[in-house]
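Enquirer: Below: sequence and its predicted model.
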Amino acid sequence: MKEIIVYEMSFNGTLKHQADLTCASFQEKYWNEYMQIYNECFYEMRKDLEIEPVNFYSDYSQMKDKVNDTFLYLQDGVIIGAVSCYGNELDDLIVNKAFQRQGYGQKLLLWGMNHIKETGYDEIILHAAEWNQNAINLYLKAGFHINKKEKVR
């Protein structure tokens, strides 16, 4: 079984920019599309790190407790990306593979950070697998700092 290292990261600063996109609350009608995009986004990492199941989402019941905290960025009814905000924790930032490398990840991150700040939190936290260097670099560029490096497996 492969070792998994996770970074806990935090942002304590003042946000200098607003996101130039608007996210909508998750709706069940987007479940199948969201599930496919989510599984595609995490497939390579989960497979490489030998995390089972490789495709995490398979049934809507897995999403029911997350519905109120998950937000979608849509264009013409198509999910471009999504982000979840649980209190002061930012999680599950994903971008549809067809729209990656176009700045949507950065915009969704900024949207999520603004959302958390607007709900009254000073500190924003997130967790990222060391394997996912693209995400870690995005978070560092946005002003996050690594608080802790932990071996979880």
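Expert: Yes, it's here.

Enquirer: what's the lengthiest strand in the chain packed up against?
Expert: Across the chain, the longest stretch assigned as strand under DSSP state E is strand 78-86. Packed against strand 78-86 by the contact rule (3 or more C-beta pairs under 8 Å, 6 or more residues apart in numbering; DSSP states H and E) you find helix 31-48, strand 70-75, strand 89-95, helix 104-118. C-beta coordinates here come from the backbone N, C-alpha and C atoms, glycine included.

Enquirer: quick check: angle from that strand to helix 31-48?
Expert: 70 degrees (axes from the mean of the first three to the mean of the last three C-alpha atoms, to 10 degrees).

Enquirer: Any buried residues in strand 78-86, and which?
Expert: Within strand 78-86, the residues that count as buried by 16 or more other C-beta atoms under 10 Å are I79, I80, G81, A82, V83, S84, C85.

Enquirer: Likewise for stretch 59-67?
Expert: M63.

Enquirer: Stretch 17-30 now?
Expert: Here stretch 17-30 shows A19, L21, C23, F26, Y30 as buried, counting by 16+ other C-beta under 10 Å.

Enquirer: Just the pLDDT for the third one.
Expert: Per-residue confidence (pLDDT) for C23: 98.

Enquirer: which residues touch P53?
Expert: R46 (C-beta atoms under 8 Å, 6 or more residues apart in numbering).

Enquirer: center of this structure - which residue?
Expert: With distances taken as C-alpha atoms, centre = their mean, the residue of the chain nearest its centroid is L93 (1.6 Å).

Enquirer: which non-adjacent residue is nearest that one?
Expert: Among residues not flanking L93 along the chain, V83 sits closest, at 4.7 Å (C-beta to C-beta, 6 or more residues apart in numbering).

Enquirer: Who does the one you found form a beta bridge with?
Expert: F71 (DSSP bridges).

Enquirer: for it, what are its contacts?
Expert: V83 sits next to C23, T70, F71, L90, D91, D92, L93, I94, L108, L109, W111, G112 when contact means C-beta under 8 Å, 6+ apart.
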